[in-house]
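*Asks:* coords please:
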Amino acid sequence: MNRVNRPIRLDSAYNTRELGGYRTADGRFTRKGVYLRGDSTHSLTPGDLDRLIKAGVALVIDMRSPDEVSTHPSKFNSVDSVRYENIAMFDGLTTFFNTGRLPGSMAELYCWLLDNCKEQYRRIFRLFLNSGGASLFHCTAGKDRTGVVAMLLLQLAGVPEDMIVKDYSASEHYMSAILGKQKRILKKSGLEVPDYVLGSKPEDMQATLSYLKEKYQNANNYLLECGLSQEEINCLIAGFVD
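*Replies:* Got it, this is the predicted structure:
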């Protein structure tokens, strides 16, 4: 398979996708029903929630900042059958706007996340280990904070880099209408945002994968540096690859 998984059909989210079904370098496949990557869950309809719960979602990891969560609470926060955890990675691009310095590329931001959010990644991947069903991890657009976690999972599973890049870069297409709206809103508030900030260009994930390889060798070694044991990492792989 060399096609990117299409989003699950939901009424109020546009970039929630399976990570299962991708071929690994050794000819196996990532398992379906284990990990879902997604955009914000604050506007999910009751039908959307029901659809995701029926798909097996038992854990939701919301990587948005406290301000984002306070403004737009996740609908999963009040679902008794689902464990909801908010693990903030960073506050969107608010910090960069406040300091007047945007990252030179999205790859620069993703490499910053790898270097500075090891505690958060340790917590996220340990939650994955303890999930009793499918794990849905998401941010606002499902491309940046979500994209790095998806990259680590797919790289750990042995999915070839070209497929990891394709899975990442599809977000720009699936979220095009929403991202365009965000840009217009920001412009009205006096913030000029470069196009690359709202995109998911292949070269940004390619550069991030190169950085991961150069500094940490691979996702396995990176997660060891985050504090996971090799036994824990082996369990992650065994649960994700058939």
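*Asks:* Grab the most central residue of this structure for me.
*Replies:* By C-alpha atoms, centre = their mean, the chain has its centre lying nearest to Thr146, at 1.5 Å.
*Asks:* Can you verify my assumption that that residue contacts Ile124?
*Replies:* No: using C-beta atoms under 8 Å, Thr146 is not in contact with Ile124; the gap is 10.9 Å. To be clear about C-beta, it is placed using only N, CA and C from the backbone, and glycine gets the same treatment.
*Asks:* Show me what counts as buried in stretch 22-40.
*Replies:* 22, 24, 29-32, 34-40 (16 or more other C-beta atoms under 10 Å).
*Asks:* Save those residues as JSON lines, and put in pLDDT, distance to Glu108 and secondary structure too.
*Replies:* Formatted as JSON lines, the buried residues of stretch 22-40 follow (pLDDT from 0 to 100; distance: C-beta to C-beta, whole Å; DSSP: H, G, I helix; E, B strand; the rest coil):
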{"residue": "Tyr22", "pLDDT": "97", "distance to Glu108": "26", "secondary structure": "coil"}
{"residue": "Thr24", "pLDDT": "97", "distance to Glu108": "29", "secondary structure": "coil"}
{"residue": "Phe29", "pLDDT": "97", "distance to Glu108": "33", "secondary structure": "strand"}
{"residue": "Thr30", "pLDDT": "98", "distance to Glu108": "28", "secondary structure": "strand"}
{"residue": "Arg31", "pLDDT": "98", "distance to Glu108": "33", "secondary structure": "coil"}
{"residue": "Lys32", "pLDDT": "97", "distance to Glu108": "33", "secondary structure": "coil"}
{"residue": "Val34", "pLDDT": "98", "distance to Glu108": "30", "secondary structure": "coil"}
{"residue": "Tyr35", "pLDDT": "98", "distance to Glu108": "26", "secondary structure": "strand"}
{"residue": "Leu36", "pLDDT": "98", "distance to Glu108": "27", "secondary structure": "strand"}
{"residue": "Arg37", "pLDDT": "98", "distance to Glu108": "21", "secondary structure": "strand"}
{"residue": "Gly38", "pLDDT": "97", "distance to Glu108": "24", "secondary structure": "strand"}
{"residue": "Asp39", "pLDDT": "95", "distance to Glu108": "22", "secondary structure": "coil"}
{"residue": "Ser40", "pLDDT": "93", "distance to Glu108": "24", "secondary structure": "coil"}
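*Asks:* Tell me the one of those nearest Asp48?
*Replies:* Set against Asp48, the nearest of the buried residues of stretch 22-40 by C-beta to C-beta is Gly38 (10.6 Å).
*Asks:* That closest one against Arg17, yeah?
*Replies:* Yes: using C-beta under 8 Å, Gly38 is in contact with Arg17, at 7.2 Å.
*Asks:* on that earlier part again, max pairwise distance over the buried residues of stretch 22-40: which two?
*Replies:* Taking C-beta to C-beta, the two most distant members of the buried residues of stretch 22-40 are Thr24 and Ser40; they sit 29.8 Å apart.
*Asks:* ok, now which ones touch Glu85?
*Replies:* Shown in contact with Glu85 (C-beta atoms under 8 Å, 6 or more residues apart in numbering): Leu59, Val60, Ile61, Asp62, Leu127.
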